[in-house]
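A.B. asks: Sharing a model that was predicted from the sequence below.
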Amino acid sequence: MLLLILFSRTISAAQESRETDSLFRIVSKTRNDSVKVKALNKLAFHYIFNDAQKASVLLKQSERIARRSKSAFGYSEMINFRGVLMDVSGNSDSAHYYFSRALQLSRKYHFPNLEVRSINNLGMVYWNQGRFNEALHSFFEALRVNETLPVSEQINNATCYNNIGLIYQELDLNAKALQYHQKAYEIRKRDNLQKEQAISLNNIGICYSSMGKIEESIHTFRKGLAIAKASGNDIDYCKILENLGNSLQTQGKFDEAIACYKEVLKFPELGPKSAIGVRGSLVAAYNERNQPKVALQYANEGLALIKANPEYRNFASHLYQYTAQSYYMLGDIKKGELYNRDFIAITQEVFSNDNVKQIAGYEIRYETAKKEKLLAENKAKLLQNQAETRQKNYLLIGVSIFLLFAILIGLLIFRQQKLKHSQLEQEHKLKTAIAHIETQNKLQEQRLSISRDLHDNIGAQLTFIISSVENIKYAFNISDLKLGGKLENISSFAKSTIVELRDTIWAMNNNAIVFEDLRSRILNFIEKAKDATDTIAFKFSIDENLSAMKLSSIAGMNIYRTIQEAVNNAVKYSEADEIAITVSQSENKINIAITDNGIGFDIQAIEKGNGLQNMQKRIADIEGTISITSHPTKGTQIAIALPTAVVTNK
Amino acid sequence: MTFLISTTMVILLIAIILLLIAAIIYLNIAFYKEKRLFRIRIESLQQIIADITKTQSGQVNRLRLSDALDEKLKADNATLNHDIFGLNFELFDILSKNNLLKK
């Protein structure tokens, strides 16, 4: 019940009398019904713990206004407070009804905050009824619903944790109780609630003590004491101090324990129950210190208190026991026997009460354990099923991936085989082409070899003809002009043929002709021309960049023949005293110019002979252009332009 | 038992999948390696073809020159034959006029 009060106080916070007045003012002045209902509920909650009758009147007034204004929240809250009123009044069945109704309404109208409070209050009712399992269930449910709320709307979880811890303590499950008290303590520490922190530390200390961890319990109690003292919380300070004394006594530190107990006795707020208990503890401690006379002083004080408050007699069995011990120690067997008999009588009486309570406790614990076991088994089964399902899923995914990879590998192998096949095919084609070209080359080489032999033979025959003609001319004095002319014709024709033959063989002997070779060939030809005409000066210039360039044999031959023809024409007809041959390279052309400073001619007036036509044909064969520029008395220029493609660097 | 079997199966499958991944990686590497080697081989063959084609082109040019020369020589031969025939004719004419021919 005390805890219920504490919890309810946490919800509504500390209500000062000023606050009450202000609430009454709101009730009398406001026209807003929902505000009025809220204020009436708050007032009723305040009076529940002081004036139950007034609280009941206020709640009825709140109900009337809430019904009239159809304020669902106000009505639900009123029902919840009515439950609290019933619980405080000791009508736990009615309290259960109102809390259940409040829960139902809060769920129906979706007031999660009120839902949490109703569930928690139900838990308190169950706890007071000794239905620990249901109480635990309610507190856990309250926690669960509370955690679904936004942080700003949540009620303090610490109270739920604290209540759960206390129930576990009731069930003698101290380890679990410790866990929840520690959670409650952490939250209270975070929120800087000093009074509540002291309560939590006291509970934690009790758990440690019950678990036999005396050192930890002493440490925790001391911590709790410091906080309780700092916050001026005398009631909890006394409780913690008494518990600290008990722990110290268990540890054999009797002097320190006595000091604690004496400190507790200084507080006037201490109730008779605690005062009797503390005195009993003091008697025990002094007996341990072998000071039975001092012990008896406190025993007498305690006995006097029992006389004044006989309802606490059953809580004072230890006082009787230790008082008897003191008398035995002093050698007063008679009085010792007297108090010992009282002790036995109280013990027997308490035992029968305790026994009933303990059996009920055991039953609850058994039921709880049974349900927990069932729950654990179900959970284990569920987990196993989940694990099996997960395994099956993994297996399915694995098989799918395996199939996918297997198909992928198949495709890769197929792709590789296809590639190999196409590569072999391509390679075979290339090799066949190479073999074919090589065969052609061999055949052409043979043809060239045969024609070379033939030309050599023809050359020899022509030389023989020339030689024979020259011999005839030399051996016989030929006076006949016609005969002499014929011989001269044959000789010069054979000579020109042999020159042509040699030039062609020169071109044929090379796959490609370097410009430098062409130059020397032309210079050679010019030298011969010079021999014929001493009056003409020849100039030959070639661009240095072109020297290393190569021409194909046909291109070389055609260029050579064209230049030869142009020079011959100039020598024969131009009457020039200077003939210049210039080979140069422009952007994408190779330019060859044959220029003379002779008499020139009118291009329009003359008819093109074989020589000019041959020149044009030869240049056209190698995709070049030829142009002739001439004016009477201004000389002649033959310009040849060739594409750079006719030459190569290699 | 079922759980154990399925666990073993899952482990086995994972092992096989890892093996298959390794095989896929190996096949891919082999595929690209094969392609690279083939490209090198083909490039050398293409180079050979380019070289012999160039040689062939040179030979064709030389043959064309040779053919042109043959044509020219044929024409020159005819001219020369004609000139020699003319020379002989003149010679016989002179011999005939001077009664130097054998009877």
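C.D. replies: Noted; the coordinates are in hand.
A.B. asks: Spell out the residue ranges of the strands in chain A.
C.D. replies: A:512-514, A:537-542, A:550-552, A:578-585, A:589-596, A:625-630, A:636-643, A:647-648 (DSSP state E).
A.B. asks: Those: which one's closest to A:A135?
C.D. replies: Among the strands of chain A, strand A:647-648 comes nearest to A:A135, with 105.6 Å by CB to CB. Where you see a C-beta, it was placed from the backbone N, CA and C, and this is true even at glycine.
A.B. asks: wait, A:L23 sits on A:N41?
C.D. replies: No. If you go by CB atoms under 8 Å, A:L23 and A:N41 don't touch, sitting 9.6 Å apart.
A.B. asks: Neighbour count: these two, which is higher?
C.D. replies: A:N41 (27 against 20; other CB atoms under 10 Å in any protein chain shown).
A.B. asks: hang on, the earlier thing: most tightly surrounded among the strands of chain A?
C.D. replies: strand A:550-552 (a mean of 23; mean count of other CB atoms under 10 Å in any protein chain shown).
A.B. asks: That one - contacts with which helices or strands?
C.D. replies: The elements that strand A:550-552 packs onto, with contact taken as 3 or more CB pairs under 8 Å, 6 or more residues apart in numbering or on different chains; DSSP states H and E, are strand A:512-514, helix A:515-532, strand A:647-648, helix B:2-97.
A.B. asks: Next, count neighbours for A:L383.
C.D. replies: When neighbours are defined as other CB under 10 Å, A:L383 has 10 of them.
A.B. asks: re earlier: could you save the strands of chain A as JSON lines and add columns showing mean pLDDT?
C.D. replies: Shown next, in JSON lines, are the strands of chain A (pLDDT from 0 to 100):
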{"stretch": "strand A:512-514", "mean pLDDT": "84"}
{"stretch": "strand A:537-542", "mean pLDDT": "86"}
{"stretch": "strand A:550-552", "mean pLDDT": "86"}
{"stretch": "strand A:578-585", "mean pLDDT": "90"}
{"stretch": "strand A:589-596", "mean pLDDT": "92"}
{"stretch": "strand A:625-630", "mean pLDDT": "91"}
{"stretch": "strand A:636-643", "mean pLDDT": "92"}
{"stretch": "strand A:647-648", "mean pLDDT": "74"}
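A.B. asks: now those strands in a markdown table, with distance to A:K608?
C.D. replies: Shown next, in a markdown table, are the strands of chain A (distance: least, CB to CB, whole Å):
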| stretch | distance to A:K608 |
| --- | --- |
| strand A:512-514 | 28 |
| strand A:537-542 | 25 |
| strand A:550-552 | 26 |
| strand A:578-585 | 21 |
| strand A:589-596 | 16 |
| strand A:625-630 | 9 |
| strand A:636-643 | 13 |
| strand A:647-648 | 28 |
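A.B. asks: In chain B, where is pLDDT below threshold?
C.D. replies: Within chain B, the stretches with pLDDT under 70 are B:1-6, B:103.
A.B. asks: From A:E263, how far off is the nearest residue to A:K229 once chain neighbours are set aside?
C.D. replies: Spatial nearest neighbour of A:K229, chain neighbours left out: A:Y237 (5.8 Å); criterion: CB to CB, 6 or more residues apart in numbering or on different chains. Noted for A:Y237: a distance of 9 Å to A:E263, by CB to CB, to the nearest Å.
A.B. asks: So which of the two has more stuff around it?
C.D. replies: When A:Y237 and A:E263 are compared for neighbours, A:Y237 comes out ahead with 24 against 17, by other CB under 10 Å.
A.B. asks: which residues does the more buried one contact?
C.D. replies: By CB atoms under 8 Å, 6 or more residues apart in numbering or on different chains, the contact list for A:Y237 reads A:A198, A:L225, A:A228, A:K229, A:F267.
A.B. asks: and what of A:V469?
C.D. replies: A:L487, A:I490, A:S491, A:A494.
A.B. asks: what's the neighbour count on whatever residue of the stretch 201-350 of chain A ends up closest to chain B?
C.D. replies: Chain B sits closest to A:M211 of the stretch 201-350 of chain A, with a gap of 38.1 Å, by CB to the nearest CB. Using other CB under 10 Å, A:M211 has 14 other residues around it.
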